[in-house]
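**Student:** requesting a structural model of the entry that follows:
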Amino acid sequence: MRKHWLDNLRAGIVALVFVYHVLYLFNASGVLGGVGQFSAVQYQDALLYFVYLWFMVLLYALAGMAARYSLEKRSHREFIASRTKKLLVPSTLGLFVFWWILGYFNMWLGGGTAFIPGEGPGRAAIIYLISVLSGTGPLWFAQLLWIYSLLLVLLRKADRGDRLDTLCGRAGPGASLVAGLFLWGGAQILNAPVITVYRFGIYFVAFLLGYYLLSHERVQKTLEQWRCLLLVAALVMGVGFVALYWGQNYADYAILKNFYTNAYAWIATLAAIGCAQAKLDRETKISRWLVSKSWGIYVCHNLPLLAAAWALYKTSLPALAVYPLTALLGGAGTLALYELLRRIPVIKYLVLGE
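**Tutor:** Next up is the predicted model:
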């Protein structure tokens, strides 16, 4: 039976990613990539601090759970084929076909095109290749998830007796809390320099914990029973994190490796899963629509949102108007772009993996 709560939670996180990027593009927290800030202190940035640590950890944990349910119905070959089409194609070939436009726009906004020497076709080719390399945007998630899917298949083949899976399935009620220590350990390793989104270690651990631990019914039921305590703990720890690191770059590796940071990320992840089971395990017209569009919204939202934010920031409108207008125009542009791309036969495969 399909788990509607998992689909709804995943779609909800995509919506949260969109909201996060609306605020992030104007952040005053020292995180690179925005179009500008409105003042030296922006209290609305508190939401960025509050969600950044856990929403992608949660998304990878959910991806690990989904991988288990997929592999119950598919062979390894079919699983990798489906993941390659959905994840690898748009995050590699799609960059050359369309997403280089995002890379070029980012480079142009930062004034990078002015530093590229030469002229004519040679200069254009250099700009295009740089745009391809920097046009990944949100597709970094797909790139890592495809790698993790391959590694998962290798782990399953190495553990032919499913001993690790059996061990996790027998884990006691407190195992989900103790598993946070593995997440903290993962945060210490395999972090890409400069580009902090490529945190190979922590996201791989979250993916494996989703597959081996959180996908078990007994663990899920425990989290559902503990959801109120977990939610309160997550809220308190989130407020504590904002107070502790306010004014600092919350994406700095020194903060991301901190024990408290990772404990908060894991507790928030468990709380979200527990609450989703209790409150989101149903299907409505709105949830069905959001679930069906969530991948397209995730893949397509960066370019329209960035364009809207940049254009509105150049006006004399107050911040109170710029934020909702950015969300409105960026959201409309995202849906329009997705609906356009998915109607072009070859493009929808190369750019969206559909």
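**Student:** make it CA atoms for all contacts and neighbour counts henceforth
**Tutor:** Will do.
**Student:** which residue ranges form the helices in the stretch 201-350 of the chain?
**Tutor:** Ranges of helices in the stretch 201-350 of the chain, per DSSP state H, counting those that start in this stretch, are 217-225, 227-245, 253-256, 259-279, 285-300, 302-313, 319-341, 345-352.
**Student:** centre of the chain to the third one, how far?
**Tutor:** Counting by Cα atoms, centre = their mean, to the nearest Å, helix 253-256 is centred 18 Å from the centre of its parent chain.
**Student:** and the last one, by the same measure?
**Tutor:** Taking Cα atoms, centre = their mean, the mean C-alpha location of helix 345-352 is offset from the chain mean by 21 Å.
**Student:** that helix to helix 285-300, inter-axis angle?
**Tutor:** 80 degrees (axes from the mean of the first three to the mean of the last three Cα atoms, to 10 degrees).
**Student:** ok, back up a step: nearest to residue 6, out of the helices of the stretch 201-350 of the chain?
**Tutor:** Closest approach to residue 6 among the helices of the stretch 201-350 of the chain (Cα to Cα): helix 259-279, 7.4 Å.
**Student:** which other helices and strands contact that closest one?
**Tutor:** Where contact means 3 or more Cα pairs under 8 Å, 6 or more residues apart in numbering; DSSP states H and E, helix 259-279 is packed against helix 4-24, helix 55-71, helix 180-186, helix 217-225, helix 227-245.
**Student:** contacts only, for the residue nearest the centre of the chain.
**Tutor:** The residue lying closest to the centre of the chain (Cα atoms, centre = their mean) is residue 56, at 4.3 Å. Residues in contact with residue 56, defined by Cα atoms under 8 Å, 6 or more residues apart in numbering, are residue 203.
**Student:** at 10 Å what do you get?
**Tutor:** The neighbours of residue 56, taking Cα atoms under 10 Å, 6 or more residues apart in numbering as the test, are 13-14, 17, 62, 141, 197, 203, 206, 265, 269.
**Student:** so how far is residue 192 from residue 149?
**Tutor:** 19 Å (Cα to Cα, to the nearest Å).
**Student:** show me which of these two is the more surrounded one.
**Tutor:** More neighbours surround residue 149 than the other of residue 149 and residue 192, with 22 against 13 (other Cα atoms under 10 Å).
**Student:** so that one is in which element?
**Tutor:** Counting by DSSP states H and E, the element that carries residue 149 is helix 140-158.
**Student:** other SSEs contacting that helix?
**Tutor:** Secondary-structure packing of helix 140-158 (3 or more Cα pairs under 10 Å, 6 or more residues apart in numbering; DSSP states H and E): helix 55-71, helix 76-83, helix 89-94, helix 163-169, helix 200-209, helix 285-300.
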